[in-house]
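1. Sequence first, predicted coordinates after that:
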Amino acid sequence: MMTVAVFPNLIKPETGAVLRRIRDFFAARGARIMLPRARAAEFGMEACGVDDIERLPADFALSLGGDGTLLGICRRYAANPVPVCGINMGTLGFMADIEQNELEQRLEKLCAGDYHVEWRPFLAGYVTKPDGTEHFLGHAINDIVVMKGDVARIISLALRVNDTPLVECKADGFIVATPTGSTAYSLSAGGPIMNPMVKGIVLTPICPHTLNIRPLIIREEDAVHIHLVDTRQSIIVTLDGQETTPIHPDDTVTVKSSDVRAGIIKFEDKDYYQILRTKLWRNC
């Protein structure tokens with residue numbers, strides 16, 4: 001029996017109607033859908049609710065929401081790589097491959113196996129203490145951002161790649177992004193757009209206090225180390241803009257590509273450059 005995990009976004013008003021369409025579609029085909037127990041209760045689908053959904057086997061998962069919802073689900077499945085397909089319930093939905101007006105048509109393709117999975121790298125974030133001990137912060141599929149902890153204060157940061165000191169500068173922070181995340185915060189800060197299947201890491205300064213610092217693309221196997229030059233200041237680290245950790249001024253933040261991969265479901269007729277043109281560059 002086919003098993004499908006479904007993760008609905010509560011904020012979107014149309015979620016309930018789309019969720020019922022999904023339930024009816026798979027029920028007619030003898031497939032099972034499961035939702036996180038709390039979400040199932042909120043939508044009156046208690047029979048579909050399960051605990052620890054990310055640990056249970058599934059053929060694929062459906063994300064009902066925007067790109068942020070999809071990112072969070074990919075992180076939930078970091079230890080149990082189930083491919084995820086996004087159903088766009090937001091305004092842009094750059095990563096989602098299903099629009100609401102084509103829902104049943106795309107679900108047919110999923111049932112028939114008429115899709116492919118792009119396995120995209122996570123970034124792994126660590127904090128190294130002054131005594132050398134290292135603590136794992138978590139995974140991010142878009143970006144890991146080191147930024148100022150005080151709202152109105154610029155910070156002095158030092159950036160090292162592998163064992164080579166690269167630059168010291170005053171800025172609001174640094175974005176370390178995957179190619180998948182190159183169209184997110186990094187793009188807004190002036191970083192380049194990268195095809196998500198290119199191997200690399202994007203380093204983008206946030207509002208640097210100099211004209212000499214520019215975004216940089218490094219190898220996927222390189223490690224990035226960032227620390228405060230002035231330890232009287234404060235910094236925080238965010239993972240995909242959804243998880244935030246305050247960092248001690250003496251700590252060093254290390255970011256590197258992880259062996260963990262996120263599976264994003266794509267259809268053959270959804271070309272990356274077509275999506276780029278119709279969604280990001282549609283008003284150009």
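-> Good, I have the coordinates.

2. So for A152, what pLDDT did the model give?
-> For A152, the pLDDT comes out at 69.

3. Low-confidence stretches in the stretch 101-250 of the chain?
-> 152 (pLDDT under 70).

4. please redo it, this time with the cut-off set to 80
-> Counting by pLDDT under 80, the stretch 101-250 of the chain shows low-confidence ranges at 150-153.

5. All the helices of it, in order from the start?
-> Here the stretch 101-250 of the chain has its helices, by DSSP state H, counting those that start in this stretch, at 103-112, 185-188.

6. Give the buried residues for the last one.
-> I take that to be helix 185-188. Judged by neighbour count using 16 or more other CB atoms under 10 Å, the buried positions of helix 185-188 are Y185, S186, L187. No exception for glycine: its C-beta is placed from N, CA and C like everyone else's.

7. Stretch 20-29 now?
-> Applying 16+ other CB under 10 Å to stretch 20-29 flags I22, R23, F25, F26 as buried.

8. and I22, that's in a helix?
-> Yes. Per DSSP: H, G, I helix; E, B strand; the rest coil, I22 lies within a helix segment.

9. which residues touch it?
-> V4, V6, I33, L62, L64, L103, L107 (CB atoms under 8 Å, 6 or more residues apart in numbering).

10. One more pass at 7 Å, please.
-> V6, I33, L62 (CB atoms under 7 Å, 6 or more residues apart in numbering).

11. for F267, same thing?
-> Contacts of F267 by CB under 7 Å, 6+ apart are D97, R106, K109, Y115.

12. what's the most distant pair in these?
-> Across the contacts of F267, the longest distance by CB to CB is 9.8 Å; it joins D97 and K109.

13. Go through stretch 231-243 and flag the buried ones.
-> Within stretch 231-243, the residues scored as buried using 16+ other CB under 10 Å are Q233, I235, I236, V237, T238, L239, D240, E243.

14. hmm, which two among those are most spread apart?
-> Based on CB to CB, the longest span within these runs between Q233 and D240 and measures 24.0 Å.

15. ok so, going back, the contacts of I22 into CSV, with extra columns for neighbour count, distance to L276 and secondary structure?
-> Below are these laid out as CSV (neighbours: other CB atoms under 10 Å; distance: CB to CB, whole Å; DSSP: H, G, I helix; E, B strand; the rest coil):
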residue, neighbour count, distance to L276, secondary structure
V6, 25, 28, strand
I33, 21, 32, strand
L62, 28, 23, strand
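
16. which stretches of the stretch 101-250 of the chain form strands?
-> Along the stretch 101-250 of the chain, the stretches classed as strands by DSSP state E, counting those that start in this stretch are 116-128, 134-140, 143-148, 155-161, 164-171, 173-177, 201-206, 216-218, 223-228, 235-239, 243-247.

17. so how far is the last one from its chain's centroid?
-> Between the centre of strand 243-247 and the centre of its chain there are 16 Å (CA atoms, centre = their mean, to the nearest Å).

18. Could you check the angle the following helix or strand past it makes with strand 134-140?
-> Per DSSP states H and E, the first helix or strand lying C-terminal to strand 243-247 is strand 252-266. Orientation check (axes from the mean of the first three to the mean of the last three CA atoms, to 10 degrees): strand 252-266 against strand 134-140 gives 30 degrees.

19. elements contacting strand 252-266?
-> Strand 252-266 sits against strand 84-88, strand 116-128, strand 223-228, with contacts defined as 3 or more CB pairs under 7 Å, 6 or more residues apart in numbering; DSSP states H and E.

20. Which residue, neighbours along the chain excluded, lies closest to A223?
-> K256 (4.3 Å; CB to CB, 6 or more residues apart in numbering).
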